[in-house]
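1. Pasted the sequence and its predicted model underneath.
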Amino acid sequence: MKEKNKVFWKGVEELHNEPEFIKNNLNEFPASVLAKDEASDESAPDRRDFLKLVGFSVAAATLAACEAPVKKAIPYLNKPEEIEPGIANWYATTFAEGGDYASILVKTREGRPIKIEGNKLSSVTGGATSARVQASVLSLYDTERLKGVQSAGKASSWEVADAAIVDRLSKISQEGGAIRIVSSTILSPTTLKAIAEFKAKYPTTEHVVYDAISSSAISKANAASFGKAVIPSYRFDKADTIVSFGADFLCTWGAGDYSADFAKTRKLSKNKKTMSRLYAFESNLSLTGSNADFRAPIKLSQEGLFVAELYNRLTSARINTEAVKNDILDKAVIDLLASKGKSIVVSGSNDVNVQILINEINLALGNYGTTINLNSPVNYRLGDDEKMNQFVDDLKGGKVAAVIFYAANPAYDHPKAEDIKAGLKQTKLSISFADRADETASLVEYITPDHHYLESWNDAEPKAGFYSLAQPTISPLFKTRQAQESLLKWSGNNTDYYTYLKNNWGSSILNGGSWDKALHDGVYESGVASVESAVSSTFNTSAVAENISKVYTSASKGIDLKLYEKVGIGSGVQANNPWLQELPDPISKATWDNYLAVSKKYADDNKLKEGDLVEIKVGNKKLAKAVPVLIQPGQAPGTASLALGYGREKAGKVGTGVGANAFALATIQDGLVQYSAFNVTITPTGGFSQIAQTQTHHTIMNRPIIQDATLKEYKANPAAGRFFPTVTTPDGKVAPAKVDIWKDQHVQPNHKWGMSIDLNTCLGCGACVIACQAENNVPVVGKKEVINRREMHWIRIDRYYSSAAEPKETGVYFKGEGDLELPDQTENLEVTFQPMMCQHCNHAPCESVCPVAATTHSTEGLNQMTYNRCVGTRYCANNCPYKVRRFNWFKYFDNGEVFDKNTSMNTALGRMVLNPDVTVRSRGVMEKCSMCVQRIQEGKLTAKKEKRKVKDGEINVACAAACATGAITFGDQNDPESQVSLENDDLNKERAYAVLEELNVQPNIFYLTKIRNTQA
Amino acid sequence: MSKTSISNLASRLSLLIILSFFFTTVRAANAPDPALVSQGEVLFKENCKSCHAVHTQEVGPALKDVTKRRDVKWLSAWIRNSTAVIASGDKYANDIYNKFGKSPMTSFPSFKDEEIKAVLAYIDAEGEKGPEKVIVDGPPGGPSSPEPPKEDPTSTIILILVVVVLILVLTTLIVFLSVIKRFLKDKEATLTEADKELVNQKFDLVVVVKSKMFITIVSLLFVTIAVRACWLGALSIGVEQNYEPVQPIPFSHKQHAGDMKINCNYCHTGAYKSKQANIPSVNICMNCHTHVTEGSRFGKEAIAKVVKAYNDGAPIKWIRVHNLPDLAYFNHSQHTTVAGIECQKCHGPIEEMEIVRQHSPLTMGWCINCHRETAVNSKDNAYYDRLLKVHADSKKKGEMKAEDIGAIDCSKCHY
């Protein structure tokens, strides 16, 4: 069937053709699930009960239909001037969580924030948003948030609490008792000013900053090398060769989100046929590794040796460490030497010696001043591990009299959490600004809850000279108070924070610029990235070599454990957000859990199956809970990895108890928190816990769904990798479009909406999935229903594995049980991401099988789904070749007892996030991507009102708007000037393909072939 | 808090630049620029129309020739902040203020120079056109009114005539029959047995009733009527046409919209720009009812309820009259601003209603029907250019109907 002998596969079960997998292959819906449910559940109704229920409900419905209920309409008493019901208002504000930052626009309807979009005016984020930013709007409506100030676990009032706190702070300060403010990275200069004011009032105060996931080593290394304790800004868009040693810079690497910059170098068109080349040396398969052109799985215990080897190969100087050999490293050396000054080498290690070597490598390559700028540092991670350790020791030793926690939860996310818990009992006063009684806040005396960021005034300086403002988008929901205002109040300054902020901007930031404009734009950028001056470093060769040799060795035979951050959950701050918990991990496609990812070989050697529970010990530290094992292709042999951010104990009803807390396994070495451990002990408990993965729910059956080529092939032939299907007819072989079983052709007289999806720039991050969920009121179904293959996401990101090496045979998917004869998958693993949603076929197979015409075609090329017409036969889903239709097996709204995790539809507060322009679907109906038809309609209406044509780009779908890299382009295919037409017709004509073209269903979604830069 | 919309701002800015360019060239030509006028029209309808008309005096004065009465500079100051102009002691301003019951004009501080010029250009252009003829019964040439047909006296007369004629025919036939019977009885001797039986036969109701034919016909009739009744009954489930609930405050549209001619948009602020028309917030009522505290019908009682609600901070719980189901999306501005449909087309003679009544059935059939019959208001609207061309090239004859451009697509209303 395929022209190329390349096999793409979705997971190990497919690779090994397990019986369960073959069975699932053939069924769209898991029929067995329902039968099993009924058998196991004794209280389930039998047929008679069912008939009784039917009879009763028919009678009830008839009675209810006799008289329509009286509905009330309650207008505003005093309508705010800026609110017009039915019309959205947009506010520019700033997302900051720990050091994570995004300049955003917030869409509010009738005063309620309902959707977040990126702010294109910001040159720092450039309109990019991540899944976490997109989901943060739901966190605003979290019912677990505290409704007011708490004193010793009981509700109190602000007046009483303020008086007591001020009184005791003054006493402590007079007695000379130490006061500590513990926070995560604070990007806001005005907040820092308020803290300074607090310090002035209580001189024994010290501000301790730490990050849950620390990047201390980078700033320490820069201090050692260049005398500047900063994290530089990186220009990945200017790099031709990028080498990453475990730095997941496309996902969560501490120094910011560089995916948009990276994607710029990966974009191809007839005008640009060059690409950067990315090398990744890592143990776990990360988002960066999966987008790498060359990926070498390495053991963590050799990471330092690899960096040292690279240093030795690139410079004339040598440091004396154990040599390592690796083909990919050899290639990287050649490329790095060829692209001096246009390359970046980064490492995710929190080991200062490794980071010093990285600095030396970049210096030797002449990257400072071109791709790396020390004079324009970023402020994302300002935490100082050593200071934090000192604080923990002081706290344990009873030397801290008062402590204030701001945006920090060290009792959960610090390796010495137990010491902190114990030490807190010895303080005279402890306060937390947490929004809920989390692990730390539940131990303190006063919780003075901060506003949610969408209720707050604030500012941020993510990068020196680049400022950004945050403004409230809703009145505070509860009796909370902004942390800064509390600090000011306790310092005796009764200014409200808005005035304080405005004054501070007026006096020290705006420099005469307009406050109103800055507030409108959301950003104020005075800083022009200053040019790098000549850089010279100090470098103690022998000390570094000695330290590296001490830690890293190639002789280690034990298992190395990597603690990593997931794109959805991050450090676990938003663990109570069900959207993020149900976001499939980009690589493993697992939801609602963390798990120990191991290599296939390790699992085979230790007779472990997927889902088997294991206990993990690092030295004398033990994980509190056994976690299931997941077999991860690409996982380096002799390594395992476990995600941080799970195992919250006091996050709320959604996040509490999901997974195990991996922070407990982090260790502190030389004062820095280490997220990798060598020689860990893994013991199976004999238990089993199924991981809720979405990966195996749909199958590809060896069809050419992914079409790819190398850059060399592409340069020679832009259509390289394309598959051109033919259909055999009496007149010979013809293109499928020539053989048409659809008699009536749909016409699109005005618009023909479509999308172009560039597989080259889709990095798989999942921001689009959450954006779609927020825009289209997509329910959360919970772990059990994900296991039952009933997740509801309208857009999924399919992740395919493949190997550059050719298999011996293809088309053997149905040969029965047993392995495919494929070469070793871990070494040459390639990964491709493909966003998949309704393809809006012009010859839609779903439409022709619907018995009630609930799914039909519009005159604008959309495949419409009319929920109120659907009777739930599910014929359409069975007939859909793309498997993108979702069935509402249950009533997910107003059904809090069963679907308590679906907070956006089951709590009065959560419902405020629903998009009022989109129907909440009820049980028994089919749903799927509507191509954000509500946005299309709104955009068209605006154009009609202004008596003009629709402009390209003014209408955008939620997934495309959320995409940081611009992988998804939406537009009118009838407009030859539109970007989507250009992508498919002019710029990338040869690369554009329709998935399953051989079926001639004529989709309106086109994909551009994946090009890998593996051959020059 | 400053509201922001980047794309809107950008498009508005570029529009303004283009407009200002046009304006300079137009000045030289000394003729109103159509783009400027249409921009002005939009602004006028959104902001001014609720109180002003060009040719007639509404809440505020008629605006015809306003540019001849005052210069642009004065008007700009007045539009941006009328209270300031009054406070400055300007005589003309104070005269107007006193003439219109000392209620100041709403200020529009955000209006830019170009926008004010556009509005004035529109007023001038409208002023030159002369007053439009007021259409009371909806737009001309529109589809037949969905109102129930009034009793037509001629049809009743015809009905009576037919009944009379039928009775006459029946009587004639009976008379004829008895005459024939009598005639045959006289000649009984000449008749055969069978004929005799026929002649002497007496009408037996029981036999007729028991005949198969009769039973079949009656039962068929019964079933038909029953099925029809069920069908019509089922169709009317959820259809609340003529729903006329008593509201907590006896607000009269007849008085406000009919007698006083307050523009719909004055209270229903969203009618021309939003999805919802919006039930007015109490502060809008209070614009007038701070002064007007006594009504003609209910005295002080009804208005006192409004004032009380405002002072107590308790919103008024009106009873919703038009209940479109959640599964249907409806946008007022598409129908009012874009299609130019009068409110009365769907809401009926609202200006005559003491108590608001749901005039239309609001069923899907009713919506679709209108979309099939109504021609698209494509005049001077560049959005429709391409569609008009396609329609002209197609085989379809006549005007381009809403149906022809996808107005009966499912996803126009259901998503």
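-> Good, I have the coordinates.
2. Enumerate the residues of the stretch 501-650 of chain A near chain B.
-> Within the stretch 501-650 of chain A, the positions lying close to chain B (C-beta under 8 Å from any C-beta of the partner chain) are A:D516, A:L519, A:H520, A:D521, A:G522. Heads up, the C-betas are built off the backbone N, CA and C, glycines and all.
3. so which strand or helix has residue 305?
-> Here I'm looking at chain A. Here A:L305 is covered by helix A:303-314, with elements defined by DSSP states H and E.
4. try chain B instead
-> Using DSSP H and E, B:K305 falls in helix B:300-312.
5. how far does that helix sit from the chain's center?
-> 30 Å (C-alpha atoms, centre = their mean, to the nearest Å).
6. Give the other helices and strands that the helix holding A:L305 contacts.
-> Packing partners of helix A:303-314 (3 or more C-beta pairs under 8 Å, 6 or more residues apart in numbering or on different chains; DSSP states H and E): strand A:241-245, helix A:327-338, strand A:343-347, helix A:352-364, helix A:541-551.
7. In CSV, list those along with mean neighbour count and mean pLDDT.
-> Converted to CSV, these look like this (neighbours: other C-beta atoms under 10 Å in any protein chain shown; pLDDT from 0 to 100):
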stretch, mean neighbour count, mean pLDDT
strand A:241-245, 26, 93
helix A:327-338, 17, 90
strand A:343-347, 27, 92
helix A:352-364, 24, 89
helix A:541-551, 16, 84
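8. Dump these to JSON lines, plus distance to B:A234.
-> Compiled in JSON lines, the helices and strands packed on helix A:303-314 are given as follows (distance: least, C-beta to C-beta, whole Å):
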{"stretch": "strand A:241-245", "distance to B:A234": "66"}
{"stretch": "helix A:327-338", "distance to B:A234": "72"}
{"stretch": "strand A:343-347", "distance to B:A234": "69"}
{"stretch": "helix A:352-364", "distance to B:A234": "75"}
{"stretch": "helix A:541-551", "distance to B:A234": "79"}
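9. before we move on, what SS does A:N868 have?
-> Assigned with DSSP: H, G, I helix; E, B strand; the rest coil, A:N868 falls in the helix class.
10. near chain B, which residues of the stretch 101-250 of chain A show up?
-> Of all the residues in the stretch 101-250 of chain A, those lying near chain B are A:L105, A:N119, A:K120, A:L121, going by C-beta under 8 Å from any C-beta.
11. Pull out the buried residues from these.
-> For those, a neighbour count by 16 or more other C-beta atoms under 10 Å in any protein chain shown gives the buried set as A:L105, A:N119, A:L121.
12. Show me those that map onto strands.
-> Here DSSP state E is the test, and those give A:L105 as lying in strands.
13. of all the buried ones among the residues of the stretch 101-250 of chain A next to chain B, which comes closest to A:W742?
-> A:L105 (41.8 Å; C-beta to C-beta).
14. Give the bridge partners for the closest one, please.
-> Counting by DSSP bridges, A:L105 forms beta bridges with A:A92, A:E117.
15. Return the distance of it relative to A:A967.
-> 20 Å (C-beta to C-beta, to the nearest Å).
16. do the same with B:P109
-> Taken as C-beta to C-beta, the span from B:P109 to A:A967 is 43 Å.
17. Which of these two has more residues huddled nearby?
-> A:A967 (26 against 8; other C-beta atoms under 10 Å in any protein chain shown).
18. Now A:S139. Its backbone dihedrals?
-> Main-chain dihedrals, A:S139, degrees, to the nearest 10: phi -60, psi -30.
19. thinking again about what came up before, chain center to the following helix or strand past the helix holding B:K305: distance?
-> Counting by DSSP H and E, the element after helix B:300-312 in chain order, helix or strand, is strand B:318-319. Mean-position distance between strand B:318-319 and its chain equals 20 Å (C-alpha atoms, centre = their mean).
20. for stretch A:602-616, same thing?
-> Computed by C-alpha atoms, centre = their mean, the chain-centroid distance of stretch A:602-616 equals 27 Å.
21. Could you work out the end-to-end span of it for me?
-> Start-to-end span of stretch A:602-616 (C-alpha to C-alpha, to the nearest Å) is 15 Å.
22. which residues touch it?
-> For stretch A:602-616, contacts defined as C-beta atoms under 8 Å, 6 or more residues apart in numbering or on different chains pick out A:12, A:559, A:561, A:596, A:598, A:622-623, A:626-631, A:635, A:637-638, A:640, A:642, A:665, A:680-691.
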